[in-house]
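> Requesting a structural model of the entry that follows:
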Amino acid sequence: MTKRRVLVVTYFWPPSGKATVHWPLSMSHHLPELGWKPVVLTIDRDTFAHVDMSLGSKVDSSIRVVRARSFEPFDAYRKFLGKPPRSPLTASEVISREVRGLRHRLAIWIRMNFFVPDARVGWYWSAIRAGQTELSANPVDAVISVGPPHTAHLVAQSLAKRFSIPHIPVLIDPWVDIVYYRGFHRNALTLAVDRFLERSVMRTSAAVVFVTKTMRDDYVAKYPFLGGKASVLHWGYDEDPFRGLPPARARRKEEIVLHAGNIFDYQNPRQLWKSLQKLVRGGRNIRIVFVGTVSPGIRAAIEEHGLRSRTEYRGFLPYREMLKELARAKYLMVCATEPRHVPGKLFEYLRTGKPILAFGDDNREVEEILAATGGGVLLPFSAGAEEFFRSTKRLRPDPKLVRQFERSVLAAELSKILLKVVKR
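Predicted coordinates for the structure are as follows:
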């Protein structure tokens, strides 16, 4: 049977180690089993995310990857702040409000008001040229774009219009009011342009995929015309990396509380540090481990509660190593600040079977997922966590219920959406 072809426009692709890479990578892996041949349009380099060379082995050799150069404003940002070229930049560092220098504040203002829809807009024109060259020679039946960065949706929208093919944007996070814009000034003209671009992509798309129900509902309320073409496919997890994962044990019977992924100043669970301080004083051998970047405000709060000697900052780790850290932990922590956002790590946490401690104010979707699977609890940021650490024996995710979030299951649903729009 001849496979239909689908273009996947994604800024992040191996060897990028950015967490956002996993969804398009997994979908591209599973879609061929469902009668689709993916072609990937991405960048030729990634100057922002860490590199994970191990992910290259996950890319099937039959997948054609088209790369286009990108002008990166982060290169100018490094130079402006006096940082060495190619020096690492973390998301927490770039948008932290704890960094008070005039240069940093000016750079943030420029970032928020001159780069629309996002700081990856320098990729737009080269991606358009590369995409047009590819599709002129090798036509496709549909185009999927994954964002953020939402520049990817603009690239896909242009190509879809040029070649008269259906476009399916996949929104991992909201667009105009994405959570990390909170607390930063964006002028009226910038917001007007951004809202115009968002509405345009929503209107011209053949279908739109959201990774949370709450985000879908929010967008449908905002744009009623989305009602008949909006679907939900959760972030999910891949089963393959968990196979053969060696059992890992904590050193010296430590009770490791682990957070994986970026954690920002606005996600600071201050009462948790107070609870952990009490547990340590009561004789519990608690250790806090962060895998990923940690903002200055979080580090300062840990220092204030006397927990620095019990905290380990592992930084970025290759994906497989991160999973080993999850296996070593006793408790897994996640901060679900944005009510429309379900952190991607939640699904990998559920797959491990470890008790999950989530913090979030009014995040009903995270609360529902944890309650339905039996995997953990969601507490408000103002709450302490002593009760959680006393009652974790009853918190164990049901593997059968967790399996609905496996990405091979999600890919089958994506294939149905593709078939629906292609047959119109």
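> Let me know the pLDDT of the closest residue to Ser62 other than its chain neighbours.
Spatial nearest neighbour of Ser62, excluding adjacent residues (Cβ to Cβ, 6 or more residues apart in numbering): Pro32 at 7.2 Å. Quick note: C-beta positions are derived from backbone N, CA and C, even for glycine. We have a pLDDT of 96 for Pro32.
> Kindly provide the distance from the nearest residue to Ala160 once chain neighbours are set aside to Lys222.
Spatial nearest neighbour of Ala160, excluding adjacent residues (Cβ to Cβ, 6+ apart): His167 at 3.7 Å. Computed as Cβ to Cβ, to the nearest Å, the His167 to Lys222 distance reads 19 Å.
> out of those two, which sits in the more crowded spot?
His167 (24 against 15; other Cβ atoms under 10 Å).
> Phi, psi for that one please.
phi -120, psi 130 (degrees, to the nearest 10).
> got it, and Pro397?
Taking degrees, to the nearest 10 as the convention, Pro397 sits at phi -60, psi 140.
> mind listing the helices for the stretch 251-400 of the chain?
270-281, 296-304, 319-328, 345-352, 364-373, 386-390, 399-402 (DSSP state H, counting those that start in this stretch).
> Nearest approach to Val146 belongs to which of those?
Among these, the nearest to Val146 by Cβ to Cβ is helix 345-352 (16.6 Å).
> For the stretch 1-150 of the chain, just list every one of the helices.
Using DSSP H, counting those that start in this stretch, the helices of the stretch 1-150 of the chain run over 22-30, 73-81, 91-95, 102-114, 124-137.
> mean pLDDT lowest for which of those?
helix 91-95 - the lowest mean pLDDT of the helices of the stretch 1-150 of the chain, at a mean of 49.
> For Trp123, grab the count of nearby residues.
Trp123 has 26 nearby residues by other Cβ under 10 Å.
> Repeat that for Ala137.
7.
> and the gap between it and Gly131?
In terms of Cβ to Cβ, Ala137 sits 11 Å off from Gly131.
> can you check Phe389 too?
As judged by Cβ to Cβ, Phe389 and Gly131 stand 51 Å apart.
> which stretches of the stretch 151-300 of the chain have low pLDDT?
For the stretch 151-300 of the chain, applying pLDDT under 70 flags the ranges 179-184, 246-252.
> re the thing from before, looking at the helices of the stretch 251-400 of the chain, which one is packed in the most?
helix 345-352 (a mean of 24; mean count of other Cβ atoms under 10 Å).
> quick check, Ile168 in a strand?
Yes. Ile168: assigned to a strand according to DSSP: H, G, I helix; E, B strand; the rest coil.
> returning to that earlier point: can you say which of the helices of the stretch 251-400 of the chain is nearest to Arg67?
When those are compared by Cβ to Cβ, helix 319-328 sits nearest Arg67, at 21.2 Å.
> Would you mind putting the CA coordinates of the closest one into CSV?
Extracted C-alpha coordinates of helix 319-328, given in CSV (Å, rounded to 0.1, in the frame of the first residue of the first chain):
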residue,chain,number,x,y,z
TYR,A,319,16.9,11.5,28.2
ARG,A,320,17.9,8.0,29.2
GLU,A,321,19.9,9.3,32.1
MET,A,322,16.9,11.4,33.2
LEU,A,323,14.8,8.3,33.3
LYS,A,324,17.3,6.6,35.5
GLU,A,325,17.1,9.5,37.9
LEU,A,326,13.3,9.1,37.9
ALA,A,327,13.8,5.4,38.8
ARG,A,328,16.2,6.3,41.6
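> pLDDT of that helix, averaged?
Helix 319-328 comes out at a mean pLDDT of 93.
> before we move on, what about stretch 336-351?
Averaged across stretch 336-351, the pLDDT comes to 92.
> Show me how far it is from its chain's centre.
9 Å (Cα atoms, centre = their mean, to the nearest Å).
> And that stretch, end to end?
Start-to-end span of stretch 336-351 (Cα to Cα, to the nearest Å) is 18 Å.
> so how far is Ile168 from the residue nearest to Val143 when sequence neighbours are not counted?
Among residues not flanking Val143 along the chain, Leu7 sits closest, at 4.3 Å (Cβ to Cβ, 6+ apart). According to Cβ to Cβ, Leu7 stands 10 Å off from Ile168.
> got it, and Val176?
From Val176 to Ile168 the distance is 20 Å (Cβ to Cβ).
> Which of these two has more residues huddled nearby?
Ile168 (26 against 19).
> What ranges does the stretch 201-350 of the chain have for its strands?
For the stretch 201-350 of the chain, the strands defined by DSSP state E, counting those that start in this stretch occupy 208-210, 230-232, 255-260, 286-291, 311-315, 331-335.
> And this protein, what are its domain boundaries?
Structural domains annotated on the chain: 4-236+406-422, 242-403, as defined by automatic domain parsing.
> Show me what the spatially closest residue to Val140 that is not a sequence neighbour is bridged to.
Excluding the flanking residues, the one nearest Val140 by Cβ to Cβ, 6+ apart is Arg5, at 4.2 Å. Beta-bridge partners for Arg5, by DSSP bridges, are Lys37.
> was I right about Arg5 contacting Val143?
No. Arg5 is not in contact with Val143 according to Cβ atoms under 8 Å; the separation is 10.0 Å.
> Does Val211 touch Val170 like I think?
Yes. Assessed by Cβ under 8 Å, Val211 is found in contact with Val170 at 7.4 Å.
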